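In: Here's a sequence, model it:
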Amino acid sequence: MRINVVLIPGVNDCEVVDFIIWGADSGVEVRFIEMMPGGAADIDAFERVVRPASVLGPPLEERGMPGDLQRSFRIEGTEYRFGLITPLSDPGFCSRCRRIRLTSTGDMVPCLGSQASVPLRALLRGGASDMEIEDAIRNAVLSKPARHSGCDGLRMWRTGG
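Out: Model (predicted):
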């Protein structure tokens with residue numbers, strides 16, 4: 001089981017160590033997610049988590065799977081583990097992202113940081129051919145950005161990202 005924690009400066013960013021210990025004691029993977037307020041990157045996200053965690057021991061970065069968006073850490077000599085997800089301040093994040101979302105209204109969303117979407121429901125209900133649907137999906141996948149160009153609409157708020 002995982003729990004995602006959005007660190008909010010001045011609100012809960014002083015509780016990093018408590019979250020890590022609670023996660024280990026509860027058998028829950030705690031993942032700290034960079035706050036994404038209006039497209040401004042929290043450039044200290046790494047420091048806000050890894051530096052405080054070092055009071056438990058040296059944080060060792062674990063090797064992830066190709067395409068992982070999370071950086072995983074384990075405190076040396078312990079079972080304390082945590083993840084860090086930094087979609088805005090990590091320049092390589094977008095190039096590793098392989099996620100596509102389908103909303104409850106039938107829109108395919110290739111990137112949560114943009115307004116772009118493909119109206120699959122409209123295509124399906126409008127009688128589009130299999131080839132037209134396949135082309136729409138392919139174009140959505142190919143439209144994923146290789147890097148941030150700013151979050152021009154913060155689609156994540158409406159999509160649940």
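
In: Packing partners of the helix or strand hosting Trp22?
Out: Using DSSP states H and E, Trp22 sits within helix 16-26. Contacts defined by 3 or more Cβ pairs under 8 Å, 6 or more residues apart in numbering; DSSP states H and E place helix 16-26 against strand 29-33, helix 45-53, strand 81-85. In this view, the C-beta of every residue, glycine as well, is placed from N, C-alpha and C.

In: do you know how far Asp130 is from Val17?
Out: Asp130 sits at a distance of 53 Å from Val17 (criterion: Cβ to Cβ, to the nearest Å).

In: So for the helix holding Trp22, mean pLDDT?
Out: For helix 16-26, mean pLDDT rounds to 95.

In: Settle it for me: which of Asp130 and Val17 has more neighbours?
Out: Neighbour count, other Cβ atoms under 10 Å: between Asp130 and Val17, Val17 has more, with 16 against 7.

In: tell me the contacts of that one?
Out: 52-53, 55-56 (Cβ atoms under 8 Å, 6 or more residues apart in numbering).

In: Can you lay out these as JSON lines showing distance to Leu142, pLDDT and neighbour count?
Out: Output for the contacts of Val17, formatted as JSON lines (distance: Cβ to Cβ, whole Å; pLDDT from 0 to 100; neighbours: other Cβ atoms under 10 Å):
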{"residue": "Pro52", "distance to Leu142": "40", "pLDDT": "92", "neighbour count": "18"}
{"residue": "Ala53", "distance to Leu142": "38", "pLDDT": "93", "neighbour count": "22"}
{"residue": "Val55", "distance to Leu142": "45", "pLDDT": "94", "neighbour count": "10"}
{"residue": "Leu56", "distance to Leu142": "43", "pLDDT": "95", "neighbour count": "18"}
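
In: and Ala136, what element?
Out: Ala136 belongs to helix 130-142, assigned by DSSP H and E.

In: Same question for that helix: list its buried residues.
Out: By neighbour count on 16 or more other Cβ atoms under 10 Å, the buried set for helix 130-142 is 136-137, 140.

In: Please apply the same query to stretch 112-119.
Out: 112-114, 116-118.

In: Break the protein into its domains for me.
Out: 2-93, 99-156 (automatic domain parsing).

In: ends of the longest one, how far apart?
Out: Using Cα to Cα, to the nearest Å, the end-to-end distance of domain 2-93 comes out at 20 Å.
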